[in-house]
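Asks: Just a sequence and a predicted model for now, questions to come.
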Amino acid sequence: YISYTDWRTGDLAIYEISTGKKRRLTSPTEVEPFGMVLRSRWSSDSQRIAYNWYNKDSFWDLRIIGLDGPKHRVLYRDKDVFPLPLDWSPDGKHILAIFDNYYKDKVKQVGLISVTDGAVSILETFKGRAAYYYLCFSPDGRYIAYDYPQKQGSQDRDIFIYSIEEKSEIPLVQDLADDRLVVWTPDGKNILFGSNRLGTMDLWAISVKEGKPQGALTLVKKDIGLISPTGFAPDGSLYYGVSINIRDVYIGTLNKEREKFLVPPEKLTGPFVGNNFSPEWSPDGKSLAYISRRLPRYEYGADILYIVSLETGEEREVVRPQEIRSLGGVSRGICWSPDGRSILSSGHDKKGQGIYVVDVKTGEMTTVLYGEAQIMNPNWSADGKAIFFIERDWKKGISR
């Protein structure tokens with residue numbers, strides 16, 4: 001099976017590989033008329049799935065459900081913490097998870113959750129740099145492998161091993177390249193990882209014994225790209241997903257009917273390629289503003305607002321807000337004021353969700369409002385004296 005989110009409903013679903021059949025494991029009820037799954041992880045015996053669920057009280061649970069058993073069981077619940085399940089221990093007794101305390105302590109923690117009673121054992125606590133995004137148990141359950149940013153704000157990562165028994169960190173792969181953990185092989189003798197050390201993101205292997213690296217690196221597959229491992233099949237084949245989500249800003253000229261381009265669109269030259277979006281013309285048509293994302297979406301300081309002059313080609317960074325995540329908000333939209341002096345954006349800071357105004361000349365950000373509800377699509381009135389926006393209240397189940 002493959003577990004996944006059915007995005008039509010937000011439910012947890014499974015796909016049976018041999019038959020091609022799909023089946024939802026969760027469904028709306030009178031008590032919970034809606035919800036959403038973000039990530040799911042199988043137990044080693046393939047009988048249970050751990051997943052996080054956006055509940056009716058507007059925060060995330062970590063739950064377990066059986067493949068053919070009774071309804072779900074809530075294993076972890078804290079309104080201030082976002083729990084992300086990463087792996088099951090080989091004996092099925094614990095779930096490895098990230099606990100993102102973005103509303104309470106402003107830290108990320110990595111810990112184990114007891115499947116029996118939900119008790120949490122914290123392994124590490126982090127401030128500043130982004131915490132782990134992919135971790136996995138060794139097949140014998142004694143170690144945890146993970147990758148981690150080389151420094152604050154860096155996209156490049158190194159790979160480490162954590163000894164559960166000794167509570168110590170062991171460097172595995174450290175160099176100037178971007179090294180990303182993929183998976184531990186089923187026999188526990190090798191760790192597969194992606195690395196751009198040869199110019200493309202290739203798949204490499206490193207031998208491991210007693211939690212320590214052994215010998216030279218081995219190139220497994222060239223130009224594999226950024227992948228997300230799904231797991232090993234019994235025949236030793238590795239299944240994985242490939243990330244091809246590349247977004248850039250292009251400019252082109254349309255015919256009068258706006259049906260086709262007169263010439264092929266040209267990519268706007270920028271300082272960072274592959275994650276630029278939300279282009280918006282200035283009212284006078286002489287400048288273009290857009291957002292460039294340098295870190296994973298939910299990291300603070302991930303998004304930067306740029307403006308490029310179409311007359312001179314000059315491109316400048318307007319603001320890089322370290323306290324904001326998801327500049328542009330869920331709708332990923334920004335909006336110029338009618339006088340061209342300000343840009344409007346929604347987003348999240350460490351206090352909650354809000355609408356912000358950025359001074360185009362100085363880069364100063366001003367908070368217009370905060371709200372507990374989800375705020376989307378802010379837009380100026382024609383005279384620039386008011387702001388319209390959509391507010392989605394998950395607790396009340398309404399939008400306005």
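Replies: Here it is on my side, so go on.
Asks: switch to C-alpha atoms for all contacts and neighbour counts from now on
Replies: OK.
Asks: Show me where the stretch 51-200 of the chain has its strands.
Replies: Residue ranges of the strands in the stretch 51-200 of the chain, as given by DSSP state E, counting those that start in this stretch, are 60-66, 73-77, 82-88, 94-101, 107-114, 120-126, 135-137, 143-149, 157-163, 168-173, 179-184, 190-195.
Asks: burial measure for the closest residue to T125 other than its chain neighbours, as a count.
Replies: Among residues not flanking T125 along the chain, Q109 sits closest, at 4.4 Å (C-alpha to C-alpha, 6 or more residues apart in numbering). Around Q109 there are 19 other residues, counting by other C-alpha atoms under 10 Å.
Asks: For Q109, name its beta-bridge partners.
Replies: Per DSSP bridges, the residues bridged to Q109 are F99, T125.
Asks: how close does it sit to R39?
Replies: Distance, Q109 to R39, using C-alpha to C-alpha, to the nearest Å: 17 Å.
Asks: same deal with N275?
Replies: 23 Å.
Asks: now swap in N196 and tell me
Replies: In terms of C-alpha to C-alpha, N196 sits 27 Å off from R39.
Asks: buried ones in stretch 262-276?
Replies: Neighbour counts over stretch 262-276 (16 or more other C-alpha atoms under 10 Å) mark 268, 273, 275-276 as buried.
Asks: re earlier: what's the closest of the strands of the stretch 51-200 of the chain to I375?
Replies: strand 60-66 (18.5 Å; C-alpha to C-alpha).
Asks: Give the partner strands of that closest one in its sheet and their orientations.
Replies: Here strand 60-66 is paired, per DSSP bridges, with strand 48-54 (antiparallel), strand 73-77 (antiparallel).
Asks: Columns distance to F137 on top of those, output as TSV?
Replies: Shown next, in TSV, are those (distance: least, C-alpha to C-alpha, whole Å):
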stretch	distance to F137
strand 48-54	15
strand 73-77	20
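Asks: ranking those strands by burial, who's on top?
Replies: Burial of the strands paired with strand 60-66 is given as mean neighbour count (mean count of other C-alpha atoms under 10 Å); strand 48-54 ranks first at a mean of 23.
Asks: low pLDDT regions in the chain?
Replies: For the chain, residues meeting the criterion pLDDT under 70 lie at 30-31, 69-70, 102-106, 127-133, 152-154, 269-271, 296-299, 330-331, 350, 394-395.
Asks: how close does the spatially most distant residue from the centre of it get to L262?
Replies: Ranked by distance from the centre of the chain (C-alpha atoms, centre = their mean), the top residue is K256, with 40.3 Å. Per C-alpha to C-alpha, K256 is found 10 Å from L262.
Asks: Repeat that for R23.
Replies: 47 Å.
Asks: same check, this time on S168
Replies: S168 is 61 Å from L262, by C-alpha to C-alpha.
Asks: Same question for V37.
Replies: 44 Å.
Asks: Specify the beta-bridge partners of H348.
Replies: Bridge pairing for H348 (DSSP bridges) gives the partners R325, Q353.
Asks: so it touches S326, yeah?
Replies: Yes: using C-alpha atoms under 8 Å, H348 is in contact with S326, at 6.4 Å.
Asks: Overlap in contacts, these two.
Replies: Common neighbours of H348 and S326, counting by C-alpha atoms under 8 Å, 6 or more residues apart in numbering, are absent.
Asks: Tell me how many other residues surround the residue nearest to K93 when sequence neighbours are not counted.
Replies: In space, and not counting its chain neighbours, K93 is closest to V115: 5.4 Å by C-alpha to C-alpha, 6+ apart. Neighbour count of V115, defined by other C-alpha under 10 Å: 18.
Asks: So V115 is in contact with S89, correct?
Replies: No: V115 is beyond contact range of S89, at 10.0 Å (criterion: C-alpha under 8 Å).
Asks: and for these two, which residues touch both?
Replies: Shared contacts of V115 and S89 (C-alpha under 8 Å, 6+ apart): I95.
Asks: give the contact list for the closest residue to E16 other than its chain neighbours.
Replies: Of all residues not flanking E16 in the chain, Y1 sits nearest, at 4.6 Å (C-alpha to C-alpha, 6+ apart). Contacts for Y1 (C-alpha under 8 Å, 6+ apart) come out as 14-17.
Asks: which one of those sits closest to I343?
Replies: When those are compared against I343 (criterion: C-alpha to C-alpha), the nearest one is I14, at 43.1 Å.
Asks: helix or strand for that closest one, which one?
Replies: Take DSSP states H and E as the rule and I14 turns out to sit in strand 11-15.
Asks: how about the next helix or strand after that strand: buried residues?
Replies: Downstream of strand 11-15, the next assigned helix or strand under DSSP H and E is strand 22-24. By neighbour count on 16+ other C-alpha under 10 Å, the buried set for strand 22-24 is 22, 24.
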